[in-house]
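**Student:** Give me a 3D structure for the following:
(2 chains)
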Amino acid sequence: MDTKEITDTPPPAPQPTPAEQKRAARGATRPGDRIFLGLSRGSGILLLVIMAAIAGFLTYRASIAISKDEANFFTAFEWNTGVVPPRFGIAVLVFGTIVSSIVAMVIAVPIAVAIALFLTHYAPRRLSGPIAYVIDLLAAVPSIVYGLWGALVLVPNMNGLYGWLDDYLGWTGIFSWQGGAPRSMLTVGILLAIMILPIITNVSREVFRQVPQMHEEAALALGATRWEVIRMAVIPFGRSGVISASMLGLGRALGETMAVATVLSPTFDIQASLLDPGGGTFAQNIASKFSEAGDIGRDALIASGLVLFVITLLVNGGARAIIARRKEYSGANA
Amino acid sequence: MSNAVIADKPRSTLRGARLPKWAPYAIAAGSLAVGIGISLAAGLHSNIQWGLIAAVLFVVGTYVIAARVEGPRQAKDRIATSLVWVAFLLAVIPLVSLVWSTISRGVKVLDIYFLTHSMGLIADSEPGGGIYHAIIGSLEQVGLATVIAAPIGVLTAIYLVEYGRGNLARAVTFFVDVMTGIPSIVAGLFILSIMLMFEMQPFGFAGSMALAILMMPVVVRSTEEMLKLVPNELREASLALGVPKWRTILKVVLPTSLGGITTGIMLAVARIAGETAPVLLLVWGNSLINSNPFEGAQQSLPLYIYQQYANSAGSGAAYDRAWAASLTLIAFVMILNLVARGIARWKAPKTGR
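**Tutor:** Prediction:
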């Protein structure tokens, strides 16, 4: 391949070693090739280093904060970092983050799946292209704009729904309302649902589009109605895709900052009712406590950020694992 | 979808009674009328409520009528159809409202004065002022982030597609995926923890670094997809002529996929241009013009929106400015998106099909 290689090595061996064969096959022997490979591999490694650095730095600062914490970091119901000794814990934030995400998922997933089905199976073909395009664009609307809209348009419009829920479902305790401004977990959940809808819809739509045409036509030939086709051919094929799409949406809902910070009126306690204002989420707490935080306060916020990082890492890793498994699975079938 | 056409076809009279084609529209109109009627009679004021009542009536009405005329299986099919339509309409309402309120409230103060003046000497509660300082800050921070993230992202994608075998490539692929899901505030906290270590004051470039972290995985993902679309025949033809691999990549693979890569980078720029949280933690915001991203607090458009909303104690002038800035930001992001998609369509890799 290269003259230098031949002159450098002793008289041509009848069979090059496997390592040499490999190198020759990859063509990574010339200086240009070596530099280019080095650069591109270096960038890949840099990404891994950044991930490791994020975990490392956050853990380091978090350990400083937790060692000074007089309360239990995981179970304390307070966030007083300015006093001596500092006492803070993430119990309220864990609760608020999980509750708002669950509300968002309960609302968003069925609607997103229905829209994906609408686009692939129900909408007139001429409509479905532009609608998919618009949904793509909506995924690009910055979260702060959703936040502004949520605080100034959605919140004033929630009073009627809140009163209605309180009248008819107040007895459950989850939907009781004391009449405060509707800046509570339910509104946050609805806003998050609107925000993650485009993501879940897009991924689900891609999955539904890949359903083998043969399966659907076979079901139709057996006399199935359109709904039966969807239930028997489309949903089973797309289930894992929908699950991973939902988890991607969940990842975004968990880490959403500005939309929650603008809508929620936070308190540092746990409300049984979704309708009464109060509670908080990890990201919202960081954004709203940051400006008044001192040295320990910032480290404490970094510690809570580390917990958020780990949670989103697990959720996203899980989603990707499901997608990857599905890829292999469908590849074997193809 | 051809299957949709097939599903519509079997309307032969041999299969028993079917509702006429206009039936769903009639039921929809009827339930809407009844929904509004009930709301008026009961004195309900909220638009959400009569909408919900109408939606429920529509679904139930469709089921009952179809079950009587067509039988249970067809009724289930119809109920699924109507539920899907209802879901779609439900989702459209907030999205339309979002776009409408941004545009209608944003145009109030959006003019040349607004775009060319900063908030210096103007309290948040007073009218006047503008977003010039925020636009400068945003452009500088996003520009610097792009300068950092785009080369690293493209090179990583080249590594994954052209060289990547074995454990390292698998690890990079996995962590790029995971990195896509990092909340923006965590990226901000990471840079913040470095800044705390060196006792640095907030400055624009710190925000750029956090934005670059958010941008890299997006660039890698989209570039990877584009490089995979380049036909292998092109690479093989070039290699067969004795062209070294790196020149093959630079002169054959990259030019072929340049349109797609540009699109991906622009979409990534559009994504980070709207990030608020890292800028809030690292750049702090500034009501004056600061065009030096390496020293002193800066402003950025998303952060400006947040501060106008949060720090103004309900002043109408500040809300107007927040909406106008939102409109500017959305317009910027949408134009980037549209141009990017235009480039993608125009320069789509010729795959020979």
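**Student:** ok now stretch B:270-287, how far from the chain's centre?
**Tutor:** 17 Å (CA atoms, centre = their mean, to the nearest Å).
**Student:** Stretch A:162-179 now?
**Tutor:** Per CA atoms, centre = their mean, the centroid offset for stretch A:162-179 relative to its chain is 30 Å.
**Student:** can you tell if it touches chain B?
**Tutor:** Yes. Against chain B, stretch A:162-179 shows contacts by CB under 8 Å from any CB of the partner chain at A:Trp164. For glycine as for every other residue, the C-beta is placed from the backbone atoms N, C-alpha and C.
**Student:** Identify each buried residue in that stretch, please.
**Tutor:** A:Tyr162, A:Gly163, A:Trp164, A:Leu165, A:Asp166, A:Gly170, A:Phe175, A:Ser176, A:Trp177 (16 or more other CB atoms under 10 Å in any protein chain shown).
**Student:** Tell me which two of these sit farthest apart.
**Tutor:** The span of the buried residues of stretch A:162-179, defined through CB to CB, is set by A:Trp164 and A:Ser176 at 12.7 Å.
**Student:** Output stretch A:134-148 as PDB, nothing but the C-alphas.
**Tutor:** Backbone C-alpha positions of stretch A:134-148 (Å, rounded to 0.1, in the frame of the first residue of the first chain) are rendered in PDB as follows:
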ATOM      1  CA  VAL A 134     -45.900  22.100  12.300                       C
ATOM      2  CA  ILE A 135     -45.400  19.700  15.200                       C
ATOM      3  CA  ASP A 136     -41.700  19.500  14.300                       C
ATOM      4  CA  LEU A 137     -41.600  23.300  14.500                       C
ATOM      5  CA  LEU A 138     -43.400  23.300  17.800                       C
ATOM      6  CA  ALA A 139     -40.800  21.100  19.300                       C
ATOM      7  CA  ALA A 140     -38.400  24.000  18.600                       C
ATOM      8  CA  VAL A 141     -40.300  26.600  20.600                       C
ATOM      9  CA  PRO A 142     -38.000  27.700  23.400                       C
ATOM     10  CA  SER A 143     -39.200  26.500  26.900                       C
ATOM     11  CA  ILE A 144     -39.100  30.100  28.300                       C
ATOM     12  CA  VAL A 145     -41.800  31.000  25.800                       C
ATOM     13  CA  TYR A 146     -43.900  28.100  27.000                       C
ATOM     14  CA  GLY A 147     -43.200  29.400  30.500                       C
ATOM     15  CA  LEU A 148     -44.400  32.900  29.700                       C
END
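**Student:** That one vs chain B: in contact?
**Tutor:** Yes. Counting by CB under 8 Å from any CB, chain B has neighbours in stretch A:134-148: A:Asp136, A:Leu137, A:Leu138, A:Ala140, A:Val141, A:Pro142, A:Ser143, A:Ile144, A:Val145, A:Tyr146, A:Gly147, A:Leu148.
**Student:** could you show me where the helices are in the stretch 251-353 of chain B, in order?
**Tutor:** When secondary structure is read from DSSP state H, counting those that start in this stretch, the stretch 251-353 of chain B shows helices at B:254-273, B:277-282, B:301-310, B:316-346.
**Student:** Nearest spatial neighbour of A:Ile199, chain-adjacent residues omitted?
**Tutor:** In this structure, A:Ile199 finds its nearest non-sequential neighbour in A:Gly249, 5.1 Å apart by CB to CB, 6 or more residues apart in numbering or on different chains.
**Student:** counting contacts, what elements does the helix or strand that neighbour falls within pack onto?
**Tutor:** Using DSSP states H and E, A:Gly249 falls within helix A:235-255. In this structure, helix A:235-255 packs against helix A:91-117, helix A:185-209, helix A:282-289, helix A:295-333, helix B:184-197, with contacts taken as 3 or more CB pairs under 8 Å, 6 or more residues apart in numbering or on different chains; DSSP states H and E.
**Student:** 10 Å - rerun?
**Tutor:** helix A:91-117, helix A:185-209, helix A:213-221, helix A:282-289, helix A:295-333, helix B:166-180, helix B:184-197 (3 or more CB pairs under 10 Å, 6 or more residues apart in numbering or on different chains; DSSP states H and E).
**Student:** I'd assumed A:Ile194 was in contact with the residue nearest to A:Ile199.
**Tutor:** No. The pair A:Gly249 / A:Ile194 is not scored as a contact, 11.3 Å apart, by CB atoms under 10 Å.
**Student:** Tell me which of the two has more neighbours.
**Tutor:** Using other CB atoms under 10 Å in any protein chain shown as the criterion, A:Gly249 and A:Ile194 rank with A:Gly249 on top: 29 against 26.
**Student:** residues contacting that one?
**Tutor:** A:Gly249 makes contact with A:101, A:104-105, A:108-109, A:112, A:192-193, A:195-201, A:203-204, A:315, A:319, according to CB atoms under 10 Å, 6 or more residues apart in numbering or on different chains.
**Student:** Model confidence at it, what's the number?
**Tutor:** As predicted, A:Gly249 sits at a pLDDT of 91.
**Student:** those helices in the stretch 51-200 of chain B, which residues are they?
**Tutor:** B:72-106, B:112-116, B:132-158, B:166-180, B:184-197.
**Student:** any idea how far A:Val153 is from chain B?
**Tutor:** Applying CB to the nearest CB, to the nearest Å, the value for A:Val153 to chain B is 5 Å.
**Student:** and that residue, what pLDDT?
**Tutor:** For A:Val153, the predicted pLDDT is 92.
**Student:** what does B:Gly296 give?
**Tutor:** Taking B:Gly296 on its own, its pLDDT is 90.
**Student:** quick revisit: and the helix holding A:Gly249 with helix A:282-289, angle?
**Tutor:** Using axes from the mean of the first three to the mean of the last three CA atoms, to 10 degrees, the inter-axis angle of helix A:235-255 relative to helix A:282-289 is 20 degrees.
**Student:** Make sure A:Arg87 is actually in contact with A:Thr75.
**Tutor:** No. A:Arg87 lies out of contact with A:Thr75 (CB under 10 Å); the separation is 11.7 Å.
**Student:** Give me the distance between B:Ala331 and chain A.
**Tutor:** For B:Ala331 relative to chain A (CB to the nearest CB), the value is 11 Å.
**Student:** burial measure for that residue, as a count.
**Tutor:** 14.
**Student:** just the one 10 residues further on next, same as before
**Tutor:** As a burial measure, the neighbour count of B:Arg341 was computed by other CB under 10 Å and equals 16.
**Student:** cool, the one 4 residues further on as well?
**Tutor:** Residue neighbour count, defined by other CB under 10 Å, stands at 10 for B:Arg345.
**Student:** pretty sure it is touching B:Thr263, no?
**Tutor:** Yes. Using CB under 10 Å, B:Arg345 makes contact with B:Thr263 at a distance of 9.1 Å.
**Student:** Would you enumerate the residues in contact with B:Ile122?
**Tutor:** Going by CB under 10 Å, 6+ apart, B:Ile122 touches B:Gly128, B:Gly129, B:Gly130, B:Ser287, B:Ala317, B:Arg321.
**Student:** Now it. Its backbone dihedrals?
**Tutor:** phi -120, psi 120 (degrees, to the nearest 10).
**Student:** how about low-confidence regions in the chain?
**Tutor:** No chain was given, so I picked chain A. Chain A contains residues with pLDDT under 70 at A:1-29, A:326-334.
**Student:** The intended chain is chain B.
**Tutor:** The model of chain B has pLDDT under 70 over residues B:1-16, B:43-49, B:348-353.
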